[in-house]
Structures are given as structure tokens and as C-alpha cells.
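Peer 1: Below: sequence and its predicted model.
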Amino acid sequence: MEPAQPRARQVQKSPNPPSIVAGRVSRHIRMVNLLQSTERCTAERLARHLGVGRRTVFRDLKVLQGAGVPFVSTPGRGYDLSPDYAMSRLNLGVPAALGLNLLGKVAAAMPDQPLFGPAIEAIGRVVAQLPPAVRMVYDDLLAAVSISPGALNICPDDEQPYRTLQYCIEERMVCRFVYRAVEPWGPCRTKIHPVHLHFYKRAWYVLAFSEQHDEVRMFKLSRIEELEPSDEVFAPFHFSIDAYLDDAWGIIPEGRKYNVVLQFSDRVARNAAEVRWHKTQQSQLQPDGSCVLRFRVNGLNEIKWWIIGYGDQVVVHEPPELRNAIRAITQRILTHYVRA
């Protein structure tokens with residue numbers, strides 16, 4: 001018997017994909033580029049190229065004017081940018097150019113991430129404008145640098161849900177969505193009000209108000225099974241990612257903060273101390289070569305699994321709840337290796 005095929009994730013497409021790709025911000029950028037071209041830019045041409053109506057074109061022109069982008073309207077020709085409006089010429093030295101392309105190498109190591117492909121293309125265009133002498137030195141330096149991103153997330157393509165959610169955040173559109181939750185009671189079907197996209201380690205997440213849960217929750221993009229913008233628009237509300245995370249070890253605040261004190265053996269002390277694991281971290285090397293790290297974290301579930309990764313090279317001093325949790329985990333691990 002052939003093994004069952006995994007269920008394919010079905011992310012519903014919006015009836016108007018071009019508008020999802022555009023959104024307000026990117027649409028304004030495209031409009032500026034069109035106004036800089038040598039062709040006539042009538043309202044009809046702008047509407048056709050941007051995939052919007054004339055009313056939206058006039059509204060966007062007003063927004064650009066308010067943002068300080070000067071344009072003129074010429075009878076019989078349409079709209080043009082004012083002649084004195086131009087971008088300054090690119091002028092990057094070798095360190096800046098090298099740093100820019102190192103970012104490109106990071107993106108190239110994770111090509112499936114949303115917008116990384118366009119970022120690589122944009123960086124290539126910038127570098128192509130560098131003077132030949134700078135490019136020659138830059139190429140030699142870049143050839144001697146490599147980047148390994150470490151473990152990568154194996155998941156379906158997040159590009160489409162990312163773009164859809166980015167568009168809905170810009171337009172404040174309510175989404176109908178089905179989410180493959182880890183809870184045993186099956187998929188979550190609800191409407192969400194997306195407000196923020198957050199990348200953590202190897203995956204993208206969306207922060208959204210869930211009508212089912214009546215609160216802002218975090219959802220992993222790779223677990224979204226269906227996603228479709230609705231005709232509803234939600235009222236804007238203040239959201240801060242820093243306030244939401246509130247000293248969580250990773251991305252899951254649990255509503256209670258703890259003072260965590262860990263002591264690492266001399267074998268791994270410098271390895272543990274040389275990394276900034278958390279923004280509240282305090283490190284102190286001990287005379288015996290060990291190292292004490294202190295944290296103030298919201299919740300213990302995420303940090304306990306990080307501690308387990310150091311095995312017998314770390315001791316939890318505080319809090320008692322964390323000591324008990326580590327003890328329980330190690331006892332369960334031991335049962336896998338002790339013969340009956």
C-alpha cells in the first residue's frame with residue numbers, strides 16, 4: 001500500500017491578485033516611476049498600469065503631493081514630475097557595497113522567503129551602478145566571504161500568504177482563514193484582523209486579532225490552510241510588537257515574568273556568554289571558569305528547551321518552577337535509556 005500523501009495546503013487567491021501585490025505603498029512607488037518615464041502619464045494610463053480606477057489615481061496623486069513629491073499637470077500630456085525633482089546619484093564605497101551584498105548573500109541562502117528574491121535583484125542593480133574600480137575591489141572581497149544560515153524551515157511556499165497579508169495590513173481588510181493549529185481539536189476557522197508580520201528564526205508569523213479568540217494572536221504562515229480577503233474593513237487599533245512579546249524568551253509570552261539564574265560549566269561558559277540570547281541578559285564569569293547568566297523572561301516554556309540543549313553543562317538556580325520543569329524532562333528522557 002502506498003503511503004498516504006500529505007494534505008496539500010490550499011491558500012485561496014484573491015479575485016484581484018495585482019492589487020494584492022501592489023497595495024498602497026508599493027503602488028505609490030510604481031506611480032512615481034511612471035511619472036518619471038518619458039511617456040504620457042494621463043490618469044487613464046496610470047489607472048491601467050496600476051490596475052486601479054481613476055478615483056484611486058487621483059487620491060494617490062494627492063497623497064504623493066502631500067508627501068512632498070512635486071508633479072505638474074499639462075493639458076494634452078497628463079502628469080509629469082517637476083524637472084527639479086530627481087534622485088541623487090548613488091555613491092557607495094567598498095565597505096558599504098560589501099555590506100549590502102552580504103545582505104544579498106543572506107537572502108540568497110534562503111531564496112524561498114517572501115521578498116528575498118526581489119531583494120537580491122535590487123541589490124544586484126545597485127551594485128551594477130558602482131564605479132568599475134570599486135566593483136573590482138568589492139568582487140575580490142566578496143569572494144572571500146561566505147554565509148551559512150544554519151537550519152532552514154522546510155515548509156510550503158509562504159510568498160502568496162505573505163503578500164496577501166501584507167496587502168490586508170495596508171488596507172485594513174478582514175481575512176477569512178483556516179489555520180492548522182497544534183491543538184488536538186482540529187483546524188481553526190475564524191476571521192482575523194492582521195496588523196503585523198514577524199520573522200523569528202526560520203519562519204514568518206502574522207500577528208492578528210482573532211474574532212474567535214477575541215484577542216491578538218500569533219499565527220505561523222506555513223500552517224495557514226486557507227486565506228482570503230473579505231469585503232470587510234476593520235477599524236485601526238494601536239499595536240506594538242515589543243509590547244506584545246513583553247520579554248518573552250522567543251515569541252510566546254505567558255503572562256508571568258521570572259528571574260532566571262543559570263550557571264554554565266567552564267567547558268561551555270564562554271560559548272554561552274558570548275551570545276546575546278535575550279535583551280535582559282546579564283553575564284558574570286566566575287573564578288572557577290564557569291559563567292552565571294541572568295535573565296528576566298515572560299514565561300518558562302520556551303527557555304526550558306534551550307536549557308535542555310546544554311545537557312549536564314548547565315544548572316538552574318532560579319526559579320524553583322524552572323528547576324522542577326527541567327528535572328521532570330530529564331527524568332522522562334532517562335526512561336528511554338534505562339533498561340527495565
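Peer 2: Okay, I see it. Source: prediction; values computed, not measured.
Peer 1: Can you tell me which residue is spatially central in the chain?
Peer 2: Phe199 (3.1 Å; CA atoms, centre = their mean).
Peer 1: Confirm for me that His303 is in contact with Val260.
Peer 2: In this structure residue 303 is Ile, not His. Yes: the pair Ile303 / Val260 is scored as a contact, 6.5 Å apart, by CB atoms under 8 Å. Any C-beta I mention is one placed from the backbone N, CA and C, and that applies to glycine too.
Peer 1: Mind listing the shared neighbours of these two?
Peer 2: Common neighbours of Ile303 and Val260, counting by CB atoms under 8 Å, 6 or more residues apart in numbering, are Phe295, Val297, Leu322.
Peer 1: Next step: the residues you listed restricted to strands.
Peer 2: Within those, residues falling in strands by DSSP state E are Phe295, Val297.
Peer 1: Of the shared contacts of Ile303 and Val260 - the most surrounded one?
Peer 2: For the shared contacts of Ile303 and Val260, the largest neighbour count, defined by other CB atoms under 10 Å, is 24 neighbours, found at Val297.
Peer 1: Next up, the contacts around it.
Peer 2: Asp247, Ala248, Trp249, Lys257, Tyr258, Val260, His278, Thr280, Ile303.
Peer 1: at 10 Å instead, please
Peer 2: Counting by CB atoms under 10 Å, 6 or more residues apart in numbering, Val297 touches 246-250, 253-254, 256-260, 277-278, 280-281, 303, 322.
Peer 1: With Val216 instead?
Peer 2: Ile192, His193, Val195, His196, Leu207, Ala208, Phe209, Ser210, Phe237, Phe239, Tyr244.
Peer 1: List the buried residues of the host helix or strand of it.
Peer 2: Element membership for Val216, per DSSP states H and E: strand 215-220. Buried residues in strand 215-220, counted by 16 or more other CB atoms under 10 Å: Val216, Arg217, Met218, Phe219, Lys220.
Peer 1: where are the low-confidence patches of the chain?
Peer 2: Low-confidence segments of the chain, defined by pLDDT under 70: 1-26, 29, 37-39, 67, 83-95, 130-138, 140-141, 155-156, 183-186, 339-340.
Peer 1: which residues in it form helices?
Peer 2: 17-36, 43-50, 54-66, 94-109, 116-128, 132-143, 159-171, 241-245, 269-273, 301-308, 320-335 (DSSP state H).
Peer 1: how about the CA coordinates for the fifth one, as CSV?
Peer 2: In CSV, the C-alpha atoms belonging to helix 116-128 read as follows (Å, rounded to 0.1, in the frame of the first residue of the first chain):
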residue,chain,number,x,y,z
PHE,A,116,14.1,37.8,-0.7
GLY,A,117,14.2,37.2,-4.5
PRO,A,118,13.3,40.8,-5.3
ALA,A,119,15.8,42.0,-2.7
ILE,A,120,18.6,40.0,-4.4
GLU,A,121,17.6,41.6,-7.7
ALA,A,122,17.5,45.1,-6.3
ILE,A,123,20.9,44.7,-4.6
GLY,A,124,22.4,43.5,-8.0
ARG,A,125,21.0,46.6,-9.7
VAL,A,126,22.6,48.8,-7.0
VAL,A,127,26.0,47.1,-7.3
ALA,A,128,25.9,47.4,-11.1
